[in-house]
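Engineer: Sequence first, predicted coordinates after that:
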Amino acid sequence: MAITASEISVMLGGRPVLQQVDAQISPGEVLGLIGPNGAGKTTLLRVLAALLTPDQGRVDHDGASLRELGRGSLARRVAFLAQGGEAPASLSVEALVGLGRLPHRRPFARAGEADRRAVARALTLCDATGFAARAVGTLSGGERHRVLLARALAVEAPYLLADEPLAGLDPQHQLDTLQLLRRISGEGTGVVVVLHDLTLAARFCDRLLLLDRGQRIADGSPVEVLDDNRLAEVFGIHALRGSHAGEPFILPWGRKLARS
């Protein structure tokens, strides 16, 4: 079973943003969406989350169309972490994370024990328990981003779609966040994450989907996708490669040399 996007095309502002793109995410894997700025990564993520209707193509969730699935069921099946998400400044961190439980409750119903457990676990996973009682407006940018990730995790959805979850985080919390995504994927969650750091994408993602100018360029393992030719043609760079503790790494090093 999987989320499957078939022949997705999107026009925004009169220009093509995605052109006949196919994508699939399965339970228990981390799929990295990579590509230059303006490649269509966020647009594809929003289509997968049913936040944007494509001009052409369709998205199926575990074999069911979005219409068959319904909004209520979709809200319980897909958690979405937006880039630069907003939240009321006066709301407490714990209350904000608790909003992730709304898809599981009847309107106006109070939080139950399962909701409280899910919120506590999400705060712990995101290293945010220490400021659960603080107002959102008192948080730093990095702290706010961790809290928004905790809200998404509190949904306990089978799929998590995260748009640049490392933005504003220091190196330690970048690593913590990606290790967390690996952990929840190991528990069966399908994770789609938009990343710009190719080194981290190569290290932590099971599979990479490379977009450029709205088109799917490659889809496969990091080793397959991040070869020297694609780095040069899509990103305009060359890279150094190596390994440490049995894990390969890739380090963007300079601009692609001009041909003589």
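Structural biologist: In hand now; what should we look at?

Engineer: Please name every helix or strand in contact with the worst-scoring helix or strand of the chain on mean pLDDT.
Structural biologist: None of the helices or strands of the chain scores lower by mean pLDDT, DSSP states H and E than helix 66-69, at a mean of 84. If contacts are counted by 3 or more Cβ pairs under 8 Å, 6 or more residues apart in numbering; DSSP states H and E, helix 66-69 sits against strand 56-61. Quick note: C-beta positions are derived from backbone N, CA and C, even for glycine.

Engineer: Going by neighbour count, which residues of the least confident helix or strand of the chain are buried?
Structural biologist: By neighbour count on 16 or more other Cβ atoms under 10 Å, the buried set for helix 66-69 is Leu69.

Engineer: which residues are contacting the following helix or strand past that helix?
Structural biologist: Counting by DSSP states H and E, the next helix or strand C-terminal to helix 66-69 is helix 71-77. For helix 71-77, contacts defined as Cβ atoms under 8 Å, 6 or more residues apart in numbering pick out 50, 61, 66, 69, 102-104, 155, 157-159.

Engineer: among those residues, which ones are buried?
Structural biologist: Judged by 16+ other Cβ under 10 Å, buried ones among these: 50, 61, 69, 102-104, 155, 157-159.

Engineer: Need the max-distance pair from those.
Structural biologist: Among these, the pair separated by the greatest distance (Cβ to Cβ) is His61 and Leu102, at 19.3 Å.

Engineer: follow-up on the earlier one: in strands only, show me the buried ones among the contacts of helix 71-77.
Structural biologist: Mapping the buried ones among the contacts of helix 71-77 onto strands (DSSP state E) picks out 61, 159.

Engineer: any weak-confidence spans in the stretch 151-260 of the chain?
Structural biologist: Residues of the stretch 151-260 of the chain meeting the criterion pLDDT under 70: 257-260.

Engineer: Now do the contacts for the spatially most central residue of the chain.
Structural biologist: By Cα atoms, centre = their mean, the chain has its centre lying nearest to Ala162, at 2.1 Å. Ala162 makes contact with 80-81, 149, 152, 181, 191-194, according to Cβ under 8 Å, 6+ apart.

Engineer: if we go to 6 Å?
Structural biologist: 81, 193 (Cβ atoms under 6 Å, 6 or more residues apart in numbering).
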